[in-house]
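Undergrad: Model the structure of this input:
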Amino acid sequence: MRSNRRHARSEDTSIEGPGSFKKITGKELTPSEEISARLTTLIEMLDEKGIINQKEYDRTCVMRLHEISKATSFEQIDEEI
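TA: The predicted structure follows:
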């Protein structure tokens, strides 16, 4: 039974793996658009199953992006000095 699950999963990933472009709206998606859509879908699925809290995830991401932005800004200022 377990081998059937593994087999089914491997078939699923081979059908649509990362980097597979679909013309859903008639426009080819860029890699960043595809990654964004995939991550959004994953977060929504995890939130629906109660594995994560989407609001908490969003809040954590905002803080992390702010930290990265701030660090990058300080690096640029250091280079200018």
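Undergrad: What is the neighbour count of Arg64?
TA: Arg64: 10 surrounding residues under other C-beta atoms under 10 Å. Every residue, glycine included, has its C-beta placed from N, CA and C.
Undergrad: separation between it and Asn53?
TA: Per C-beta to C-beta, to the nearest Å, Arg64 is found 16 Å from Asn53.
Undergrad: For this structure, which segments count as strands?
TA: Counting by DSSP state E, no segments of the chain form strands.
Undergrad: Which helix runs longest in this protein?
TA: Criterion DSSP state H: the longest helix present in the chain is helix 54-80.
Undergrad: helices or strands up against it?
TA: Helices and strands touching helix 54-80, by 3 or more C-beta pairs under 8 Å, 6 or more residues apart in numbering; DSSP states H and E, are helix 31-48.
Undergrad: The helix it packs on: which residues count as buried?
TA: By 16 or more other C-beta atoms under 10 Å, the buried positions in helix 31-48 come out as 34, 43.
Undergrad: Next, the angle from it to helix 54-80.
TA: Interaxial angle of helix 31-48 relative to helix 54-80 (axes from the mean of the first three to the mean of the last three C-alpha atoms, to 10 degrees): 140 degrees.
Undergrad: pLDDT on helix 31-48, on average?
TA: Per-residue pLDDT over helix 31-48 has a mean of 94.
Undergrad: what packs against it?
TA: helix 54-80.
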